[in-house]
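*Asks:* One predicted model, sequence on top.
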Amino acid sequence: MCTHDHDSLPAPDASLARRSVIAGAAALAGIGLLPASAAAAPAPVAGRPAAPGYHGNAQTPPPLVVEGGTIVDPVTGDAIEDGVVVLEGGRIEAVGDRASTRRAVAAVAGRATVVDATGRFVVPGLVDAHVHANALEDARLILSHGATTVRSGSSSFYQDVALASLPEWAPGLSPRMHAAGLFVSPELGDSVLADPALAPLAALSDGVHDPKDLAHLTKNNIKRGASVIKTRANPRAGLAEQDPLELVYDQEQLSAVVAAAKGAGVLCHAYSAEGIAGAVRAGVRSIEHGVYVDEATLADMAVRGTAFTPTLAGLASMADSANPVLAERGRAYTPVLQEAVRAAVAAGVDVIAGTDSFGTDVMPIGTEARSLANAGLSPLQALRAVTTTPARLLGVGRTVGRLVRGGVADVVLLDADPLADAAALERVSGVIAQGVVVRDDA
């Protein structure tokens with residue numbers, strides 16, 4: 001729902017500057033979140049190399065063996081009791097029952113840390129397809145709830161691009177980040193200070209509307225290392241003074257963004273039927289929020305492969321707002337969006353989970369999975385919405401979202417069975433990210 005306002009972003013205050021990725025990178029050495037062995041693992045998502053010219057070499061965390069839990073496969077819905085997952089070199093070396101993994105376990109004997117998952121359910125690291133992380137603390141909180149891979153919904157000063165580089169040098173500090181850079185939106189506010197190349201946009205009296213200016217901003221995001229692009233068709237539902245059904249960018253303008261993105265997936269904030277339809281025809285990869293999507297557009301989305309990220313739990317939470325306008329929107333929009341989710345599933349549209357978490361106001365990705373199940377997804381469909389389906393959208397389906405040999409070393413431990421009840425995805429008791437134990441409540 002985007003209750004936060006990116007359109008008039010201030011420069012960071014002193015406390016944010018101290019903890020932000022850009023101004024506070026030196027804090028990595030003493031952040032106190034990881035064991036001393038946490039040093040490095042897989043390459044970052046962003047297009048530019050991390051720490052170019054740095055004298056040191058990335059190191060790999062020691063091996064891990066996760067044993068005794070019930071391993072759940074989101075693709076097949078199968079479960080392996082008393083299963084074992086062997087992690088080494090930032091990747092999965094083996095997964096299966098004790099007999100099939102015996103050699104892999106023996107190969108790391110004496111070097112590996114053993115995580116006892118007895119009585120718990122073992123699933124791949126979860127994917128949150130819509131977050132706004134601007135600082136290390138934001139990333140830490142997102143990770144603690146089991147989201148080991150995330151797609152940024154934009155940041156204010158390219159912090160998400162910097163976060164995308166962290167897993168290579170500080171595994172376990174941040175999720176794998178698919179960065180969007182700056183929001184491609186009419187009013188950039190102080191975000192024009194994020195790069196000197198954006199200075200010309202500050203002179204635009206009417207904001208960023210011309211397709212050439214939209215392309216310039218989009219191309220600069222890509223140049224800075226963004227791997228996805230976030231834009232909009234409508235204003236926010238979460239700001240009482242804005243009309244979420246007003247059209248901000250039409251199909252021609254959105255097409256300019258998609259063309260300039262040059263293959264980077266474009267996610268589009270949209271509420272009105274007109275705005276959603278125009279965005280889909282423009283070629284965006286996913287619709288965010290999408291309350292008033294109609295059947296004709298859903299059919300078009302199914303043909304084009306356009307995904308749907310309803311951010312249902314976040315929008316529903318507006319019903320509890322002290323602001324009467326927002327509370328009424330939450331009450332009115334929630335049942336409409338729930339019906340849109342059901343219609344999307346029926347139409348064959350990929351429904352993916354995103355929390356729209358902003359800063360340290362982090363919603364567990366499992367809460368969105370539960371909300372999707374309440375709207376009509378089966379527990380297995382809800383599990384896929386936080387694993388395999390968004391991984392496929394992000395182009396990492398071979399290594400993310402499923403526990404298979406060669407996959408990334410991201411594992412989540414649950415205290416309940418996600419195949420029986422999607423609410424189990426809220427009961428996270430262990431998180432392994434990039435081969436590092438971030439959390440283990442056992």
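*Replies:* Sure, I can see it.
*Asks:* so where do the helices sit in this protein?
*Replies:* With DSSP state H as the criterion, the chain has helices at 14-19, 102-107, 136-144, 159-169, 211-224, 251-261, 273-282, 295-304, 312-316, 324-347, 365-374, 379-385, 388-393.
*Asks:* Tell me which of those helices lies nearest to Ala117.
*Replies:* Across the helices of the chain, Ala117 has its closest neighbour in helix 102-107 (13.9 Å, CB to CB). Quick note: C-beta positions are derived from backbone N, CA and C, even for glycine.
*Asks:* Please dump the helices of the chain into CSV; it should also carry mean neighbour count, distance to Ala423 and mean pLDDT for every row.
*Replies:* Converted to CSV, the helices of the chain look like this (neighbours: other CB atoms under 10 Å; distance: least, CB to CB, whole Å; pLDDT from 0 to 100):
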stretch, mean neighbour count, distance to Ala423, mean pLDDT
helix 14-19, 13, 32, 32
helix 102-107, 15, 33, 98
helix 136-144, 22, 18, 97
helix 159-169, 26, 29, 95
helix 211-224, 19, 37, 98
helix 251-261, 21, 36, 98
helix 273-282, 23, 29, 98
helix 295-304, 17, 27, 98
helix 312-316, 25, 12, 97
helix 324-347, 18, 16, 98
helix 365-374, 25, 5, 98
helix 379-385, 24, 9, 98
helix 388-393, 24, 19, 98
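*Asks:* List the buried residues of stretch 71-91.
*Replies:* 71-74, 79-80, 83-88, 90-91 (16 or more other CB atoms under 10 Å).
*Asks:* Show me what the residue nearest to the spatial centre of the chain bridges to in the sheet.
*Replies:* In the chain, the centroid-proximal residue (CA atoms, centre = their mean) is Val150; its distance is 2.4 Å. Beta-bridge pairing of Val150 under DSSP bridges involves Asp128, Met177.
*Asks:* Pick out the most distant pair among the buried residues of stretch 71-91.
*Replies:* Of all pairs in the buried residues of stretch 71-91, the most separated under CB to CB is Ala79 and Gly90 at 25.6 Å.
*Asks:* The residue lying closest to Val411 once chain neighbours are set aside: how many residues sit nearby?
*Replies:* Of all residues not flanking Val411 in the chain, Ile432 sits nearest, at 4.2 Å (CB to CB, 6 or more residues apart in numbering). Residues within reach of Ile432, counting by other CB atoms under 10 Å, total 26.
*Asks:* Which secondary structure element of the protein has the lowest mean pLDDT?
*Replies:* Using mean pLDDT, DSSP states H and E, helix 14-19 stands out as the lowest-scoring helix or strand of the chain, at a mean of 32.
*Asks:* Relative to Ile276, which of the buried residues of stretch 71-91 is nearest.
*Replies:* Pro74 (27.6 Å).
*Asks:* Which of the helices of the chain sits closest to Leu239?
*Replies:* helix 324-347 (8.2 Å).
*Asks:* tell me what the closest one is packed against?
*Replies:* helix 295-304, strand 307-309, helix 312-316 (3 or more CB pairs under 8 Å, 6 or more residues apart in numbering; DSSP states H and E).
*Asks:* Next, the angle helix 365-374 makes with it.
*Replies:* Between helix 324-347 and helix 365-374, the angle comes out at 70 degrees (axes from the mean of the first three to the mean of the last three CA atoms, to 10 degrees).
*Asks:* which residues are in contact with helix 324-347?
*Replies:* 3, 237-238, 240, 244, 289-293, 295, 298-299, 301-302, 308, 310, 312, 315-321, 351, 372, 374-377, 381 (CB atoms under 8 Å, 6 or more residues apart in numbering).
*Asks:* How far does that helix sit from its chain's centre?
*Replies:* 21 Å (CA atoms, centre = their mean, to the nearest Å).
*Asks:* hmm, who's touching stretch 94-105?
*Replies:* Identification of contacts with stretch 94-105 by CB under 8 Å, 6+ apart yields 65, 67, 71, 80, 82-86, 93, 112, 403-405.
*Asks:* Looking at those residues, which are in strands?
*Replies:* 65, 67, 71, 80, 82-86, 93 (DSSP state E).
*Asks:* ok, which pair from the residues you listed is furthest apart?
*Replies:* Asp82 and Glu93 (18.3 Å).
*Asks:* could you dump the ones in strands among the contacts of stretch 94-105 to TSV with distance to Met363 and pLDDT?
*Replies:* Output for these, formatted as TSV (distance: CB to CB, whole Å; pLDDT from 0 to 100):
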residue	distance to Met363	pLDDT
Val65	32	98
Glu67	31	98
Ile71	26	98
Ile80	30	98
Asp82	33	98
Gly83	29	98
Val84	32	98
Val85	27	98
Val86	32	98
Glu93	33	98
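*Asks:* Of these, which is the nearest to Ala277?
*Replies:* So of the ones in strands among the contacts of stretch 94-105, ranked by how close each gets to Ala277 (CB to CB), first place is Ile71, at 41.8 Å.
*Asks:* Check the gap between the closest residue to the closest one other than its chain neighbours and Arg224 for me.
*Replies:* Of all residues beyond its chain neighbours, the one nearest Ile71 is Gly83 (3.6 Å), with distances taken as CB to CB, 6+ apart. Going from Gly83 to Arg224 by CB to CB, to the nearest Å gives 41 Å.
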